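Enquirer: From the sequence below, what's the structure:
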Amino acid sequence: MKTLLLTEKDVKQLLSMDEVMEAVESAFEAKGLGHAQMPAKVYLFYNKYKGDLRAMPSYLEELDISAVKIVNVHPENRAKYGLPTVMAIIILVDPKNGAPIAIMGGTWVTGMRTGAAGGIAAKYLAKKDSRVVGLVGAGAQARTQLMALISLYRKLEEIRVWSLPDGTKEAFVAEMEPKYGDAAKIIAVESAKDAVEGADIIVTTTPSRKPLVSNDWVKPGMHFNCIGADAPGKEELDPAILTRAKIVVDDWEQASHSGEINVPLSKGIITKQNVWGEICGIVAGLKPGRTSSDEITVFTSTGLAVQDAVTANRAYKKALAKGIGKTVEIV
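Expert: Numbering: from 1, shown residues only. Sure thing, here's the model as predicted:
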């Protein structure tokens, strides 16, 4: 039995955003139609280190793809250890015998599939003529969220990015402008308000535990991709926004525990009745997404194990075809 080992460097040369979005959309559809096994992610909290570890297994039955990911979130990593905030390993499993067919770095997979989820959410929930994007946060996830929106719209008018005054927004613009300057004007702005007001799509990607986006800045027709709130106690939006919005989650159990809605739910500001549905059901055609140009829509993303499985499988198949990676006998 041979297991293919793929490093982060290997994985980065194998995946394009267009194909990851295609894979993630297929995973959402499969889950929406009930063709996936996906227990809610399991958390270990390393409180004294201000970090956590998550285990995420899944099996897409009709696609016959199965994987397990372990992933950490340690916000102080870069400053203290020179390591990414998020790191991951994915084991791709052969469903017919349980053998590990591939072990790969999962950090890029995590970033790409999360970006792709934002792109798919915008496809179904944002206005078709969206032209202005506001990014609240300028880290790794802001980059793949932008990649997905460019993949979806091809051409945008303006990308505004805000982050804390630590140089990250300027670094973001310097890196992204040469790549996507032909598709949109990319500018750093002085405040979160400057990023949000007048935008069609707002993407929040911070680890904040207090609201950064005020209800006063939000006008009819806006769409939010809420990416940063992925653990209990995290929130980026003024809860009053959620009381006005059509709320779509990726998975109810995960989102109610750790997504953008977790704090307002715990405080009784909103209830389950305020949640329109899951993106998987919308992609599967079981519920409509945006139904008017005036709706405020909010997608709260916690990250689904099925997204990792299909993205890892895509990388594995391409690696085999291209002869990339190293095979070892583990079992």
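Enquirer: Break this structure down into its structural domains.
Expert: The record's domain parsing of the chain by automatic domain parsing lists 3-109+306-328, 115-303.
Enquirer: Pass me the low-pLDDT residue ranges in the stretch 101-250 of the chain, would you?
Expert: Of all residues in the stretch 101-250 of the chain, none has pLDDT under 70.
Enquirer: Tell me where it has strands.
Expert: Using DSSP state E, counting those that start in this stretch, the strands assigned to the stretch 101-250 of the chain run over residues 132-136, 158-162, 185-188, 201-204, 209-213, 223-226, 235-237, 246-249.
Enquirer: any chance of those in TSV, plus mean neighbour count and distance to residue 5?
Expert: All C-beta atoms are positioned from the backbone trio N, CA, C, and that covers glycine. What follows is those, written out as TSV (neighbours: other CB atoms under 10 Å; distance: least, CB to CB, whole Å):
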stretch	mean neighbour count	distance to residue 5
strand 132-136	27	34
strand 158-162	24	36
strand 185-188	18	36
strand 201-204	29	33
strand 209-213	17	37
strand 223-226	30	33
strand 235-237	25	37
strand 246-249	24	35
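Enquirer: Let's have the ones you listed in CSV, adding distance to residue 262.
Expert: Listed next are these as CSV, based on distance: least, CB to CB, whole Å:
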stretch, distance to residue 262
strand 132-136, 18
strand 158-162, 24
strand 185-188, 30
strand 201-204, 14
strand 209-213, 11
strand 223-226, 11
strand 235-237, 7
strand 246-249, 10
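Enquirer: and residue 29, which of those strands is closest to it?
Expert: Closest approach to residue 29 among the strands of the stretch 101-250 of the chain is made by strand 246-249 (14.8 Å; CB to CB).
Enquirer: for the closest one, packing partners?
Expert: On a contact count with 3 or more CB pairs under 8 Å, 6 or more residues apart in numbering; DSSP states H and E, strand 246-249 meets helix 107-125, strand 275-278, helix 279-283, strand 297-300.
Enquirer: returning to what we had before: most tightly packed of the domains of the chain?
Expert: Among these, domain 115-303 has the highest mean neighbour count (mean count of other CB atoms under 10 Å), at a mean of 20.
Enquirer: Pull up the distance across that one, start to finish.
Expert: 10 Å (CA to CA, to the nearest Å).
Enquirer: how distant is it from the center of its chain?
Expert: 10 Å (CA atoms, centre = their mean, to the nearest Å).
Enquirer: which residue sits closest to residue 155 in space, ignoring its chain neighbours?
Expert: Leaving aside its chain neighbours, residue 155 sits nearest to residue 183 (5.6 Å; criterion: CB to CB, 6 or more residues apart in numbering).
Enquirer: Go ahead and confirm that neighbour touches residue 152.
Expert: No - using CB atoms under 8 Å, residue 183 makes no contact with residue 152, being 11.0 Å away.
Enquirer: residue contacts, the residue nearest to residue 193 when sequence neighbours are not counted?
Expert: Ranked by CB to CB, 6+ apart and with sequence neighbours excluded, the top spatial neighbour of residue 193 is residue 217, at 5.5 Å. Contact partners of residue 217, counting by CB atoms under 8 Å, 6 or more residues apart in numbering, are 193, 196-197.
Enquirer: if we can go back for a sec, can I get the helices and strands packed on strand 246-249 in TSV with distance to residue 264?
Expert: Compiled in TSV, those are given as follows (distance: least, CB to CB, whole Å):
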stretch	distance to residue 264
helix 107-125	19
strand 275-278	11
helix 279-283	19
strand 297-300	11
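Enquirer: Name the SS class of residue 72, please.
Expert: Secondary structure state of residue 72, per DSSP: H, G, I helix; E, B strand; the rest coil, is strand.
Enquirer: Could you check how far it is from residue 112?
Expert: Between residue 72 and residue 112 the distance is 18 Å, computed by CB to CB, to the nearest Å.
Enquirer: And residue 65, by the same measure?
Expert: Counting by CB to CB, the separation of residue 65 from residue 112 is 16 Å.
Enquirer: Residue 91 too?
Expert: Using CB to CB, residue 91 is found at 18 Å from residue 112.
Enquirer: residue contacts, the most centrally placed residue in the chain?
Expert: Geometric centre of the chain, nearest residue: residue 114, 2.4 Å, by CA atoms, centre = their mean. Contact analysis of residue 114 by CB under 8 Å, 6+ apart lists 141, 144-145, 227, 301, 303, 307.
Enquirer: So which of those residues belong to helices?
Expert: Taking DSSP state H, the ones among these that sit in helices are 141, 144-145, 307.
Enquirer: Residue 25 versus residue 33, what's the distance?
Expert: Using CB to CB, we find residue 33 at a distance of 13 Å from residue 25.
Enquirer: which non-adjacent residue is nearest residue 258?
Expert: Leaving out its chain neighbours, the residue that sits closest to residue 258 by CB to CB, 6+ apart is residue 231, at 4.9 Å.
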